[in-house]
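**Q** Dropping a prediction and its sequence here:
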Amino acid sequence: MATREQRSKAPLVAADGTPLKEALRRSQAVERRRAFALVAPLLVFILLVFAIPIVAMIWRSVYNPEIREYLPQTAAALSSWDGEDVPPEAVFQAMAADMIVGVENRTIGRAAARINREIPGARSTMMRTARNVDAWSAPYREKFLEADEDWASLEFWHILQRESRLITPTYYLLAVDYEYNAQGEIAPRPEVYQVYQSLFFRTAWMSILITGICVLLAYPISYMVATQPVRIANLLLILVLLPFWTSLLVRTSAWIVLLQQQGVINELLVWAGVIDTDGRLRMIYNRIGTVVAMTHILLPFMVLPLYSVMKTIPPSYLRAAKSLGAHPFRAWWSVYFPLTVPGLAAGCILVFILAIGYYITPALVGGDSGIFISNLIADNMQGSSAQLKLAAALATILLVAVLLVYWLFNRLVGVDKLKFG
Amino acid sequence: MKRTLILTSTAAAIAMGGAAVAQDKQLTIVSWGGAYSNSQDKAYHEPYEEKTGVEIVTEDKSANGLAGIRAQVEAGNVTWDVVDLLQADAQRACDEGLVLQIDPDEWLAPAPDGTPASEDFVDGTIGECFIPQILYSTMFAYNTEAFPDGGPQTVEDIWNVEAFPGTRALQQIPQKNLEWALIADGVEPDQVYEVLATPEGQDRAFAKLDEIKDSVIWWSEGAQPPQMLADKEAVIATAYNGRIFNAQANEDQPFEIMWDHQMFETDGWVIPVDTGNEELIKDYIRFATDTQRLADQAKYISYGPARNSSAPLVGTLEGTDIDMKPHMPTSPENLETAIRFDVQFWADYGDSLEERFNAWVAG
């Protein structure tokens, strides 16, 4: 009894005398390092091409250095301004000094471009004054005001004061159709500029619609594929996969050929006398086009998880339910359907999340009324007035929305229940 | 064994050295693509490559030229050597310090008669950072097959959907569309920009565009409108005059240009800062913008050369006997009702009007 106790207390040692625990840890450390080395390339890859760009994008959506960096003295001088009246001489003096440096370094235009986004025309006021300012001497205030009455605009100075902060929510406000009004309060933008909110809602409801149609179409197809003998099932599966393997652009173009006003379907209808040639249906370059083409393109993402789950459900379950007296619908609803939920959930989340970020298809077949928020993100990255920061803010909102959907899904269904195949 | 090693390493060294030299002798030039890039290839790039052995790589990215330069300069990784931009964008790039300032007499060749470059270019085209190449025009054009009884003659006709039914293809930018909307609404051409600077004027222009929105499709690349007209996707389109001319002359398309209230502007080169390739760029620019080269370009596309000294040298379309002069946007009968595109106005109001325009298109 005593010896056994002693022995259990004495540390176990390896052949070379080190404690076994220590030796084990050491040998496992090597293993762990080796394992880590195996995944390291992937980790570095993900970090480089995924994590870092996303962080950079989010940073960009709030980073607002133009005023602080290119008008540093003015920003400092304005910090104590009460905002009641045209700023005092000290501010104008600082502005003059900043302008001289800015013209020298050719950076004054960057500050001017930033303010011009808020007040159209502020750019040329600043540039004109900046070209002359080195010939002026103190007191600057009256010379500025004499040169251009816009320098007396309180709105201009308020914006300058507000946007001299390094981190700004301005672009997020714009992304949900809000802005700072003349009093510096957050207010809805004028109606003619509003577009993003409605686009976010449109993207969401159209994605839900597309997901719904995919469920209705994919469920029977998957059931059929899953219950047919192997040979026929394989053939059917290839029919599902064939479009899946065809280029996205080819499939979208095919829909254009079918749906456009001079297209196959309209020609057929006119030929059959269902519609006359002036009454050709408009089925593309609008919402209908987007829904039809995207449903087709995303359908395999619903079929495959459903099929893989249905294949594992033994047909005997349904037979057993029916032999115990259940109506076929009851048997399907209480026995079969619950078993397919993991596949259904996986399909829905796949299709929905893919849909809300869709870009190419809405751009090609969506016209004006069928475009998604990603198309506006792209718009903001192009052209001479590209607003990369607004694009970054919109993209961040979309990303957060996707994460939110995923979280909600996890709460409701549970990610551990997902079955992709 | 040893010998092969030496041989391979020598070969590798030569190959690498060769690559390094070739890389030194390479220029990346960004332009608009299509018939326009083709005319630059023929008139500038090919003769320059032949003369110097420099390899010219072209990219068709000018539609996003300003955003591209901004992104490259911000990231500190400038890969474009020379970029073809519109004057308004060039002005912005210049103000923001993204492109080099150019002293015309230092950078550009004088005219053959000795006139310094600064005096040889068409008035008001040369900029602080901007080297003009061509004057071009944007105007309406139509497919004559769609209008057997005669096509639209004025900007008001474009808005007359009943007399001239069919789809109109417009460029998906506010620039020029808003000006024409005001013209169609009865604003005098010389007051267009004054009106457009006021909120009421902007409302008025958008309201006028609303009238035809249902019969409009949008284009974004210069090569699209001739294609849309040819496919009858649209019966009337705004387009760059050189593109329509190209379709008429080289592809026998039944298109007609409507010169009424054409809007002309300047297109030219800018050079991003920090390319590290300045000497070569300077050499290329001096070559590509001399009097003969600018006149040569007019052999391939109907854009007016930006140098006064090039105008008399403009001849016929290469390989044909079509006289290019009457097809130039600068020829007097085409200029009668022309409007000069206001670069300064759009530098100031471009941001807010583009935003409103995009919201209007999507809404």
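**A** Structure received.

**Q** contacts, neighbours, all on C-alpha from now
**A** Will do.

**Q** what about the strands in chain B?
**A** B:26-30, B:55-59, B:82-86, B:131-143, B:168-171, B:216-219, B:236-240, B:255-270, B:304-305, B:339-340 (DSSP state E).

**Q** Show me what the third one is packed against.
**A** Here strand B:82-86 is seen to pack against strand B:26-30, helix B:65-75, strand B:255-270 when contacts are counted using 3 or more Cα pairs under 8 Å, 6 or more residues apart in numbering or on different chains; DSSP states H and E.

**Q** For chain A, which of the ones you listed is the nearest?
**A** Closest approach to chain A among these (Cα to the nearest Cα): helix B:65-75, 5.5 Å.

**Q** pLDDT at residue 66, what is it?
**A** Going with chain A. In the prediction, the pLDDT value recorded for residue A:66 is 91.

**Q** other chain: chain B
**A** 91.

**Q** check contacts around it.
**A** Residue B:66 is in contact with A:383-384, B:85, B:89-90, B:93, counting by Cα atoms under 8 Å, 6 or more residues apart in numbering or on different chains.

**Q** circling back to that earlier point, for residue A:396, find the nearest of the helices and strands packed on strand B:82-86.
**A** helix B:65-75 (19.1 Å; Cα to Cα).

**Q** Give me the angle between that closest one and strand B:26-30.
**A** 130 degrees (axes from the mean of the first three to the mean of the last three Cα atoms, to 10 degrees).

**Q** Now do the helices in the stretch 301-421 of chain A.
**A** Using DSSP state H, counting those that start in this stretch, the helices of the stretch 301-421 of chain A run over A:315-323, A:328-331, A:337-356, A:360-365, A:373-379, A:388-412.

**Q** Could you dump these into JSON lines and include mean neighbour count and mean pLDDT?
**A** JSON lines is the format used below for these (neighbours: other Cα atoms under 10 Å in any protein chain shown; pLDDT from 0 to 100):
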{"stretch": "helix A:315-323", "mean neighbour count": "14", "mean pLDDT": "91"}
{"stretch": "helix A:328-331", "mean neighbour count": "14", "mean pLDDT": "92"}
{"stretch": "helix A:337-356", "mean neighbour count": "21", "mean pLDDT": "93"}
{"stretch": "helix A:360-365", "mean neighbour count": "22", "mean pLDDT": "91"}
{"stretch": "helix A:373-379", "mean neighbour count": "21", "mean pLDDT": "91"}
{"stretch": "helix A:388-412", "mean neighbour count": "17", "mean pLDDT": "92"}
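
**Q** Please render those helices as JSON lines that adds distance to chain B to the earlier fields.
**A** Formatted as JSON lines, the helices of the stretch 301-421 of chain A follow (distance: least, Cα to the nearest Cα, whole Å):
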{"stretch": "helix A:315-323", "distance to chain B": "50"}
{"stretch": "helix A:328-331", "distance to chain B": "45"}
{"stretch": "helix A:337-356", "distance to chain B": "17"}
{"stretch": "helix A:360-365", "distance to chain B": "12"}
{"stretch": "helix A:373-379", "distance to chain B": "8"}
{"stretch": "helix A:388-412", "distance to chain B": "9"}
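
**Q** Quick check: which of the helices and strands packed on strand B:82-86 is buried the most?
**A** strand B:255-270 (a mean of 23; mean count of other Cα atoms under 10 Å in any protein chain shown).

**Q** That strand and chain A in contact?
**A** No: Strand B:255-270 is not in contact with chain A by Cα under 8 Å from any Cα of the partner chain; minimum separation 14.3 Å.

**Q** What is the burial count for residue 281?
**A** This is for chain A. 17 (other Cα atoms under 10 Å in any protein chain shown).

**Q** try chain B instead
**A** 20.

**Q** what sits against it?
**A** With the criterion set at Cα under 8 Å, 6+ apart, residue B:281 makes contact with B:27, B:81-82.

**Q** just residue B:272 next, same as before
**A** Contacts of residue B:272 by Cα under 8 Å, 6+ apart are B:69, B:73, B:78, B:80-83, B:98-100.

**Q** thinking again about what came up before, looking at the helices and strands packed on strand B:82-86, which has the lowest confidence?
**A** helix B:65-75 (a mean of 90).

**Q** angle of that one against helix A:388-412?
**A** Helix B:65-75 and helix A:388-412 are oriented at 80 degrees to each other (the same axes, to 10 degrees).

**Q** Chain A contacts on the stretch 151-300 of chain B?
**A** Residues of the stretch 151-300 of chain B lying near chain A (Cα under 8 Å from any Cα): none found.

**Q** Can you give me the distance of residue A:225 to residue A:218?
**A** According to Cα to Cα, to the nearest Å, residue A:225 stands 10 Å off from residue A:218.

**Q** I misspoke; the intended subject was residue B:147.
**A** Taking Cα to Cα, one finds residue B:147 at 49 Å from residue A:218.

**Q** Which of those two has more residues huddled nearby?
**A** Neighbour tally, residue B:147 and residue A:218, criterion other Cα under 10 Å: the higher count belongs to residue A:218, 23 against 16.

**Q** Helix or strand: which one has that one?
**A** Residue A:218 belongs to helix A:196-227 when elements are defined using DSSP states H and E.

**Q** OK, contacts around residue A:13?
**A** A:19-21.

**Q** Narrow the contacts of residue B:272 to those that are buried.
**A** Buried members of the contacts of residue B:272, counted by 16 or more other Cα atoms under 10 Å in any protein chain shown: B:69, B:73, B:78, B:80-83, B:98-100.

**Q** So which of those is the closest to residue B:322?
**A** For the buried ones among the contacts of residue B:272, the nearest to residue B:322 is residue B:83 (30.5 Å; Cα to Cα).

**Q** Could you tell me how far stretch A:211-225 lies from the centre of the chain?
**A** 27 Å (Cα atoms, centre = their mean, to the nearest Å).
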